[in-house]
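> Would you be able to build a 3D model of this:
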Amino acid sequence: MTNCIADARSQEYIRAHYTRETPVLRELREYNATRPDSFLQITPDQGAALRMLVGACGAKRILEIGVYTGYSAIWMASVLPEDGFLLACDIDPGVLAIAEPYLRKAGLIDRIDFAVGPAQATLAKLLDQGAEGSFDLAFIDADKEPMNVYYEACLRLVRTGGLIVVDNVLWEGRVADPDSTDPDAAAMRAIAARITADSRVDSCVLSVGDGLLVARKLREAETVGIATGALSQELERGRSVGRSCLLSEPGRKEIE
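Next up, the predicted model:
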């Protein structure tokens, strides 16, 4: 995604001096640059910010919605303790198959579980399994229309004091453009406003990459805005459109 810092020289300086991108991360980023969908990858400075957030909150259990080829997963999993794990959720088994060898090369494969299928199905299954409050950090970088559903579900799955991080809150500047007719920009504008006004969290936006919104869960509370019944209906819709492969033991790998 386009970086929200306009000065290209400053962007390159930050990435060159402050990101600590490992050789595996650099190799994966260079591979992604050859793909037509490379815009789905976060930027190196976003990766460094995610790594810092994971370490700062002492995360042991991470939920990632939208994995692409694993670049962000490597950044986050690199600071997990040995008994920590990251549940990597993506609808496309093809990109997860690409991610796996890079995660293995980075020495992180035993800290990653894959969930293959629509995010709504994965979130519904986690809630059905009683996983409320069991994650320390959730990173959302997926399709924009269901963002409210993702946010409300993650708010239930993350512990009090845990973090929810949302990518693309600037959407290449279109969120700030009142004349933009882009539906994804409208969705991101709406979710950012919603989270900012939500008394259940404290939040801010980090101006790295395409913008990261960071929300810290302050308290347990009922879902709001989307009524609990409506949220259940949205998640039930996710159950019906695809099967999620959830693995109960960290370190087990399966792609379907």
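> what about the strands in the chain?
Ranges of strands in the chain, per DSSP state E, are 61-65, 85-90, 112-116, 135-140, 158-167, 201-206, 212-217.
> Before we move on, what's the pLDDT of the nearest residue in space to Asp184 that is not next to it in sequence?
Spatial nearest neighbour of Asp184, excluding adjacent residues (C-beta to C-beta, 6 or more residues apart in numbering): Lys144 at 4.2 Å. To be clear about C-beta, it is placed using only N, CA and C from the backbone, and glycine gets the same treatment. If you check Lys144, the pLDDT there is 88.
> can you pull out the helices in the stretch 1-150 of the chain?
Using DSSP state H, counting those that start in this stretch, the helices of the stretch 1-150 of the chain run over residues 8-18, 23-32, 44-56, 71-77, 93-105, 119-128, 147-157.
> Compare those helices and give me the one nearest Leu206.
Nearest of these to Leu206, taken as C-beta to C-beta: helix 44-56 at 5.7 Å.
> Touching stretch 200-215 from outside, list them.
For stretch 200-215, contacts defined as C-beta atoms under 8 Å, 6 or more residues apart in numbering pick out 1-5, 42-43, 45-46, 49-50, 53, 155, 163-172, 175, 191-192, 195-196, 198, 216-219, 221, 224.
> got the end-to-end distance for it?
End-to-end span of stretch 200-215 (C-alpha to C-alpha, to the nearest Å): 9 Å.
> can you give me how far stretch 65-72 is from the chain middle?
Mean C-alpha position of stretch 65-72 versus that of the full chain (C-alpha atoms, centre = their mean, to the nearest Å) differs by 8 Å.
> Do me a favour and get the end-to-end distance for that stretch?
Start-to-end span of stretch 65-72 (C-alpha to C-alpha) is 11 Å.
> What are the buried residues along it?
Buried residues in stretch 65-72, counted by 16 or more other C-beta atoms under 10 Å: Ile65, Gly66, Val67, Tyr68, Thr69, Gly70, Tyr71, Ser72.
> Identify, from the residues you listed, the entry nearest to Arg15.
For the buried residues of stretch 65-72, the residue nearest Arg15 by C-beta to C-beta is Tyr71; the value is 13.5 Å.
> Which among the strands of the chain is found nearest to Asp184?
Nearest of the strands of the chain to Asp184, taken as C-beta to C-beta: strand 158-167 at 12.0 Å.
> From the rest of the structure, what touches that closest one?
Strand 158-167 has contacts (C-beta under 8 Å, 6+ apart) with 1, 42, 46, 50, 53, 57, 59, 63, 66, 133-141, 147, 151, 154-155, 191-192, 195, 201, 209-220.
> do stretch 68-78 as well
With C-beta under 8 Å, 6+ apart as the test, stretch 68-78 has contacts from 22, 24-25, 28-29, 31-32, 35, 37, 40-42, 46-48, 50-51, 54, 59, 62, 64, 67, 84, 86, 88, 90, 95-96, 98-100, 102-103, 106, 108, 111-112, 137, 139, 141.
> Give me the buried subset of those residues.
Using 16+ other C-beta under 10 Å, the buried ones in the contacts of stretch 68-78 are 24-25, 28-29, 32, 40-42, 46-48, 50-51, 54, 59, 62, 64, 67, 84, 86, 88, 90, 95-96, 98-100, 102-103, 106, 108, 111-112, 137, 139, 141.
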